[in-house]
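> Predicted model, plus sequence, below.
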Amino acid sequence: MRRRLSAALGAALVMVVVGCDSGDDVVVDGTAPSSPYGGPLNVPTKELDEYTPQALRLASGAAGRALECAGEIYLGNGPDGWNRDDGGDSPEEGLKLYFHLFDPGDPRSGYRVERRETDRVLYSYDVDGRTKVAVVVAKDQQDRPGWGPESSASCDPSELPADWTDSHGYEIWTDRAGERVPTTEVSSGPGDDHCDWDEVHFLDLGERRYARDPEGLLEPGMLTAAYDGSTDLPADARDTGYRYEDRQLWLTDDRRTAYVRTADGVEAWPLLREHLACK
């Protein structure tokens, strides 16, 4: 999970980023927001063998503290992954090294300097004046000369701009009020093409995963039932209020099948017996 970062940015030159990546500029200048992060940048980190908001905050140090998420922290990581020959000559090179080493699923441009100290700099990516991704770079750590990433953290992808998530393959669902729903609550996306699952579509609801498999590409036994591309809504099915494009999600109390309603009819996406990964 640490390598995924997949995932996981005070007074200085800053800019409120309100849309998507600001061109190709990794760091941009501007005016400080009304409430920049005022805490310490040198915060001890601790990695727990769990993936909870508390564990992510402990692992991400100052970066996790600098976030201004509407929901829970989504990703958080501490010192890891760069060697004595990797360090950059400037804080901005340290930030670029973060993207090079970890390939996080975060925006790669439009960051601002939120706090600058002699040996540490906090970079943040803001949406409507609030920090959604934070990266702390540090100088001359033990056996690591130069500038490099020390800690990082990010909010749920649903809190990033819609044009960015749309262009990077995220399927962000909305609720009854039309508000974007955290991906930890509901998310969907196509299968991996290198496993020949490109015609499969998955839907995650918490710990449950459902699959649309019209071509029968998943191995027998992976699904609890067969996919049905044309069915009727059961009498006890209820509308969850979740929407993605023209898809509506309906569920029965047992949640063994996800009923996806579109203008063309209703599909029954069966529950997987267990989470599977493409190998």
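Cool, the structure landed.
> quick one, what contacts L251?
Taking Cβ atoms under 8 Å, 6 or more residues apart in numbering as the contact definition, L251 lies against A237, R238, T240, T257, A258, Y259. Just so you know, the C-beta spots here come from the backbone N, C-alpha and C atoms, and that holds for glycine as well.
> Swap in 6 Å and give it another go.
T240 (Cβ atoms under 6 Å, 6 or more residues apart in numbering).
> Run through the bridge partners of it.
Each beta-bridge partner of L251 is listed here: R238, A258, as defined by DSSP bridges.
> cool, R120 as well?
What pairs with R120, by the bridge criterion (DSSP bridges), is A138.
> okay, now it: neighbour count?
Other residues within reach of R120 by the criterion other Cβ atoms under 10 Å amount to 20.
> And Q248, how far from D103?
For Q248, the distance to D103 equals 34 Å [Cβ to Cβ, to the nearest Å].
> I misspoke; the intended subject was T262.
For T262, the distance to D103 equals 34 Å [Cβ to Cβ].
> And those two? Which one has more around it.
Set T262 next to D103 and count neighbours by other Cβ under 10 Å: D103 wins out with 14 against 11.
> do you know how far that one is from L97?
Between D103 and L97 the distance is 12 Å, computed by Cβ to Cβ.
> do the same with R238
With the distance defined as Cβ to Cβ, R238 ends up 49 Å from L97.
> The two: who's more crowded?
Here R238 and L97 are compared on neighbour count by other Cβ under 10 Å; more neighbours surround L97, at 20 against 12.
> Now L75: which helix or strand?
Counting by DSSP states H and E, the secondary-structure element that holds L75 is strand 73-77.
> gap between that strand and the chain center?
On the basis of Cα atoms, centre = their mean, to the nearest Å, the separation between the geometric centre of strand 73-77 and that of its chain is 8 Å.
> next SSE after that strand?
helix 91-102.
> what's in contact with that following helix?
For helix 91-102, the surrounding residues in contact (Cβ under 6 Å, 6+ apart) are 5, 27, 81-82, 86, 88, 108, 121, 123, 135, 137, 147-149.
> which of those residues are buried?
By neighbour count, with 16 or more other Cβ atoms under 10 Å, the contacts of helix 91-102 hold L5, V27, W82, D86, G88, V121, Y123, V135, V137, W147, G148, P149 as buried.
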